[in-house]
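# Fold the following for me, if possible:
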Amino acid sequence: MKKSLLTALLFPLCLLGKPAIAEERQNLEPKVSVVLDYSTETQEQGAEGQNFWAFFWGDENYLYQSYNNPLELNSFERIQVEDVIKDVKYGDVDSYQELVESSKSFSENQKEVLLAALAGSLYRGSYDSKFTNEVFSQDTFFEQLQNYLATGDHSPLGVCRHISSHIEQLSNDIGLRTNAVTGRYEEFGHVYVILKRENGNGIINGPYVTFSNTKNIEKMLGIYSKDADTAQFEHLFYEDSKLKYRLVTKDGKNVLDFIGYDESLNTLKKSLTEEEAFNPRISLVLGKNDYSRSGKLNLFGFFAKLGQINGNSSSATKEINLIQAGLEGKLSFPGFIDLTPSLSVIYGNIVQQERTDKGAGGVSESFMINTHNEEGFNLSSRFAGKFFLLEEAILFADSSLELGASYKIPIGRISLTPYILSQVGLWPENLGTYYPGLKFNEVNAGTILDISFLSNSGVSVDPHYSYRNYEHEFGINAKLRTKNIQAGIGAYVTKSVYDFAPDKSGIDISLSQSFKNLGLKFSYKRESQDYDGEISNKSSLSVQGKIKF
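Numbers count the residues shown, from 1 in each chain. Predicted coordinates:
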């Protein structure tokens, strides 16, 4: 990046003044640290999904034709679908409920052909870019569809998100399993319908239909984004126009890791259950792994970070080049209150596989306040948000509020610390309007049992449970520590309560050794996702070295 760009980003932050840093404890004399971090990742995916495309369009009678169609129908099946569309056009099917009843007995292929034909008609005759109201009822959807088929007059229903919501509701009513999903298509934000099939997944996007033989929904959406050559950081899943599930893509997770944005409750949990960590006044962090290279310099709370994130074979993104600048620090008030602010600006570009470079940028911020009583009751609250744009397309735009409490109970060399944490997010709850509203994200509860053997050794165990609006999670973390060595192991399993989200499991093993000014840490992680019996695994190994001055 050009030096002038870095100067321009840092200048407004300098006007804010030097951030206050928490006072160092007496036994933490070093003021400078250098961290070197290297990790490598291996991935074992399920069967590669093969793409099939079908294209439907209307002739003068508003029926469908097909090209390169994997949904091969015999002549009788085709006539049955044509008859339903004719019956809607001429009024023999004169209500939404009759449309549902006339289609329920169709085969899976027939239903998908019907949906694509109707979606194509809606995009031709009902798309209205000025329409921003909530999704109409299905009865109104049917009336507008019938009017267009019968007269050819424009019958506005809305834009892609409204039309996709109507198709999603119709498909579920006739016996298929679909969700309306946000994404991007070419240069624009978009909403289409993802379809669960017996042997894979499909996407209905107006008159276009895409199929893949993978059951991995995240992978299917990645294939679709790559085919459209559009960078994608997240997908929101809507059913009956209400938000049900949020999926962050691999590119999105990599960007969040790079900018240091924690979407989980881990930051809040550490503020309630862990002792204050060493916070050097000057630090240099150099990192490299299979998907990114980065360098970060922190001077008395002001920091600048440069790096590159690499795409992969299943992503539309070839590489992401970013610079981040901002401030982060901790202010400790006399007594027991800590304030931890963080604010940064991100700028760079995204290089897609087939398109020219696109400018990208955003803002990341968080503010946490917590008590730090060594015994008894502690409270913590954190507000965090992020906003990330690819030119005019929004890749991230959300915020969250977290609240937590813990109570430390010492019993000789044993201490118990029960805790409870919660998080709500500000999300566009209704697909029709995108108006944001507070929505529950997660509640997490557990108890840390810590046993001290000597002054510098002990063991701790942390069983915990999380409930999110789409899954249950059970996990346990355990640590064994001595004066210079710490070993840790963590494991978790999740059970999805929403059929578009996978079951997951993972294990994290670490071993670290530290002396006065030198530290070394080895970590191994393995994560698994299960989509209806199709399992994919990912493993990573990292080495971190730390030098203090």
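# C-alpha from now on. contacts and neighbour counts both.
Will do.
# Which elements pack onto the helix ranked longest in the chain?
Identified as the longest helix of the chain according to DSSP state H is helix 108-125. Here helix 108-125 touches strand 52-58, helix 75-90, helix 138-151, helix 160-173, strand 200-205, strand 208-212, going by 3 or more C-alpha pairs under 8 Å, 6 or more residues apart in numbering; DSSP states H and E.
# 10 Å instead?
strand 52-58, strand 64-67, helix 75-90, helix 96-103, helix 138-151, helix 160-173, strand 200-205, strand 208-212 (3 or more C-alpha pairs under 10 Å, 6 or more residues apart in numbering; DSSP states H and E).
# Note down every partner strand of the last one and its orientation.
When sheet partners are counted by DSSP bridges, strand 208-212 sits next to strand 52-58 (antiparallel), strand 200-205 (antiparallel).
# Worst mean pLDDT among those strands?
With a mean of 43, strand 52-58 has the lowest mean pLDDT of the strands paired with strand 208-212.
# for the stretch 401-549 of the chain, what spans make up the strands?
414-428, 436-454, 457-468, 471-481, 485-496, 503-514, 518-531, 534-548 (DSSP state E, counting those that start in this stretch).
# Now do the same for the second one: mean pLDDT, whole number.
Mean pLDDT, taken over the full extent of strand 436-454, equals 92.
# In its sheet, which strands sit next to it, and in what direction?
Take DSSP bridges as the rule and strand 436-454 pairs in its sheet with strand 414-428 (antiparallel), strand 457-468 (antiparallel).
# what comes up buried for the first one?
Neighbour-count burial for strand 414-428 flags 415-428 (criterion: 16 or more other C-alpha atoms under 10 Å).
# again, but for the last one
Within strand 457-468, the residues scored as buried using 16+ other C-alpha under 10 Å are Gly458, Val459, Ser460, Val461, Asp462, Pro463, His464, Tyr465, Ser466, Tyr467, Arg468.
# Would you mind writing the CA trace of it as CSV?
Extracted in CSV, the C-alpha atoms of strand 457-468 (Å, rounded to 0.1, in the frame of the first residue of the first chain):
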residue,chain,number,x,y,z
SER,A,457,0.6,-25.0,39.1
GLY,A,458,-3.0,-26.3,38.9
VAL,A,459,-5.7,-27.6,36.7
SER,A,460,-9.0,-26.1,35.5
VAL,A,461,-12.1,-27.6,33.9
ASP,A,462,-14.8,-25.6,32.1
PRO,A,463,-17.9,-27.5,31.0
HIS,A,464,-20.3,-25.2,29.2
TYR,A,465,-23.5,-25.1,27.1
SER,A,466,-24.7,-22.7,24.4
TYR,A,467,-28.0,-22.2,22.8
ARG,A,468,-28.3,-20.3,19.6
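# Let me see the backbone angles for Thr482.
phi -130, psi -170 (degrees, to the nearest 10).
# Skipping adjacent residues, who's closest to it in space?
Nearest residue to Thr482, sequence neighbours excluded (C-alpha to C-alpha, 6 or more residues apart in numbering): Ser457, at 4.1 Å.
# So Phe237 sits against Tyr470, correct?
No. In this structure, Phe237 is not within contact of Tyr470 by C-alpha atoms under 10 Å, at 11.1 Å.
# overlap in contacts of the two?
Both Phe237 and Tyr470 are in contact with Lys244, Tyr245, Arg246, Phe500, Ala501, where contact means C-alpha atoms under 10 Å, 6 or more residues apart in numbering.
# What strand or helix carries the second one?
Right, the one you point to is Tyr245. Using DSSP states H and E, Tyr245 sits within strand 242-248.
# In that strand, which of the residues would be classed as buried?
For strand 242-248, the neighbour count (16+ other C-alpha under 10 Å) marks Leu243, Lys244, Tyr245, Arg246, Leu247, Val248 as buried.
# how far away is Asp139 from Gly175?
Look at Asp139 and Gly175: by C-alpha to C-alpha, to the nearest Å, they are 18 Å apart.
# Give me the more crowded residue out of the two.
More crowded of Asp139 and Gly175, by other C-alpha atoms under 10 Å: Gly175, with 16 against 12.
# can you tell me which residues contact that one?
In this structure, Gly175 makes contact with Val100, Ser103, Lys104, Ser105, Phe106, Ser107, Glu108, Lys111, judged by C-alpha under 10 Å, 6+ apart.
# which element is it on?
Counting by DSSP H and E, Gly175 is part of no helix or strand.
# any low-confidence regions in this protein?
Residues of the chain meeting the criterion pLDDT under 70: 1-30, 43-71, 186-187, 276-278, 335, 356.
# Quick check: bridge partners of the residue most central in space within it?
The centre of the chain sits closest to Val248, judged by C-alpha atoms, centre = their mean, with a distance of 2.0 Å. Taking DSSP bridges, one finds Glu234 as the beta-bridge partners of Val248.
# what's the answer for Leu327, then?
Residues in beta-bridge contact with Leu327 (DSSP bridges): Phe302, Leu343.
# Count the residues that sit near it.
The burial count for Leu327: 24, using other C-alpha under 10 Å.
# Just list the residues touching Ser129, thanks.
Per C-alpha under 10 Å, 6+ apart, neighbours of Ser129: Pro156, Leu157, Gly158, Val159, Cys160.
# From the residues you listed, keep the buried residues only.
Judged by 16+ other C-alpha under 10 Å, buried ones among these: Pro156, Leu157, Gly158, Val159, Cys160.
# For the third one, give its distance to Phe136.
Translated: Gly158. For Gly158 relative to Phe136 (C-alpha to C-alpha), the value is 9 Å.
# Repeat that for the second one.
Separation of Leu157 from Phe136 (C-alpha to C-alpha) stands at 7 Å.
# Residues that sit against both of these two, list them.
Joint contacts of Leu157 and Phe136 (C-alpha under 10 Å, 6+ apart) are Ile163, His166.
# beta partners of the closest residue to Ser496 other than its chain neighbours?
The shortest distance from Ser496 to any non-neighbouring residue, by C-alpha to C-alpha, 6+ apart, is to Glu471 (4.1 Å). Assessed by DSSP bridges, Glu471 has beta-bridge partners Arg468, Ser496.
# try Lys521
Ser512, Gln544.
# Correct me if wrong: it contacts Ile547.
No. Using C-alpha under 10 Å, Lys521 is not in contact with Ile547, being 11.9 Å away.
# Show me what the one helix or strand Glu218 maps to packs onto, helices and strands only.
Using DSSP H and E, Glu218 sits in helix 217-228. With contacts taken as 3+ C-alpha pairs under 10 Å, 6+ apart, helix 217-228 sits against strand 177-185, strand 188-197, strand 200-205, strand 208-212, strand 242-248, helix 250-259.
# what comes into contact with the fifth one?
Just to be clear, that refers to strand 242-248. With C-alpha under 10 Å, 6+ apart, strand 242-248 has contacts from 165, 179-182, 217-218, 232-239, 253-254, 256, 396, 427-432, 439, 441, 468-471, 498, 500-501.
# could you measure Ser137 against Leu426, distance?
Distance of Ser137 to Leu426, given as C-alpha to C-alpha: 25 Å.
# What of Asp229?
29 Å.
# Then Val461?
33 Å.
# Could you do Gly158 as well?
To Leu426, Gly158 is 24 Å away according to C-alpha to C-alpha.
# Once you drop chain neighbours, what's closest to Lys31?
Pro280 (4.8 Å).
# List the buried residues of stretch 527-535.
Glu527, Ser528, Gln529, Asp530, Tyr531, Ile535.
# Those residues: which two are farthest apart?
The most widely separated members of these, counting by C-alpha to C-alpha, are Glu527 and Tyr531 (13.5 Å).
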